[in-house]
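>>> take a look and give me a structure for this.
(one chain, ligands or ions: 1)
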Amino acid sequence: MDNKAEFYQELLGQTKALIHDESDTIANMANISALLFERLSSVNWVGFYRVIEEELVLGPFQGKVACIRIPLGRGVCGTCAATAKVQRIADVHQFSGHIACDASSNAELVLPIVVAGKVIAVLDIDSTAFDRFSEEDEVGIKAIVELFERSISA
Ligand code: SME
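This is a model prediction of the structure:
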């Protein structure tokens, strides 16, 4: 499929179908990470970290084994959680404090999962390709995250 907007529309529909009947957040995180890992090209890790007391704790993911605990404010994921801002990093080696769970990761897209005004988790997507994530990717994945947030607050 050459049209990214169409691709993300389809992916949003697939996510909706996957989670609409299920209220368990962890189960939905597991299936969303599996779906994104399967459908996105050139990604080597997709998963969630949950905010538990002042730390991020590894949640459901697809890819190689990863760091389990990340302090809020540290690395790309910790910065996303602490600021509640999407981190779209073209070259993680230029990001001060980047945590290299897998040395082959070069680009990263991390989005906060915000429920009732609080960051409850982050969605982390890694790629071995520098500059893998465009603004269109960010917008497409953000729509999926917003759908997931609504399912949690519903
Ligand atoms: N690189 C991330 C850590 C998580 S792993 O990529 C799975 C970071 O700097 O926060």
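
>>> which stretches of the chain have low pLDDT?
Within the chain, the stretches falling below the threshold (pLDDT under 70) are 1-2.

>>> and the helices in it?
Listed in chain order, the helices of the chain (DSSP state H) span 4-19, 25-39, 75-83, 135-153.

>>> check the ones you listed for me and report the most buried one.
Each of those was assessed for mean neighbour count using mean count of other C-beta atoms under 10 Å. The highest is helix 75-83, with a mean of 23. For every residue, glycine as well, the C-beta is placed using N, CA and C.

>>> what does it contact?
Contacts of helix 75-83 from elsewhere in the structure, counted by C-beta atoms under 8 Å, 6 or more residues apart in numbering, are 49, 51, 56, 70-73, 85-87, 89, 92, 95, 97-99, 108, 110-112, 119, 122, 124.

>>> minimum distance to V65: which of the helices of the chain has it?
When the helices of the chain are ranked by distance to V65, counting by C-beta to C-beta, first place goes to helix 25-39 at 14.2 Å.

>>> can you list the residues of this structure near the ligand?
The chain has residues 45, 66-67, 70, 75-78, 98-99, 101, 105, 108, 124, 126 near the ligand, with proximity defined as C-beta under 6 Å from any ligand atom.

>>> which among these end up buried?
Listed as buried from those are 45, 66, 70, 75-78, 98-99, 101, 105, 108, 124, 126; burial here means 16 or more other C-beta atoms under 10 Å.
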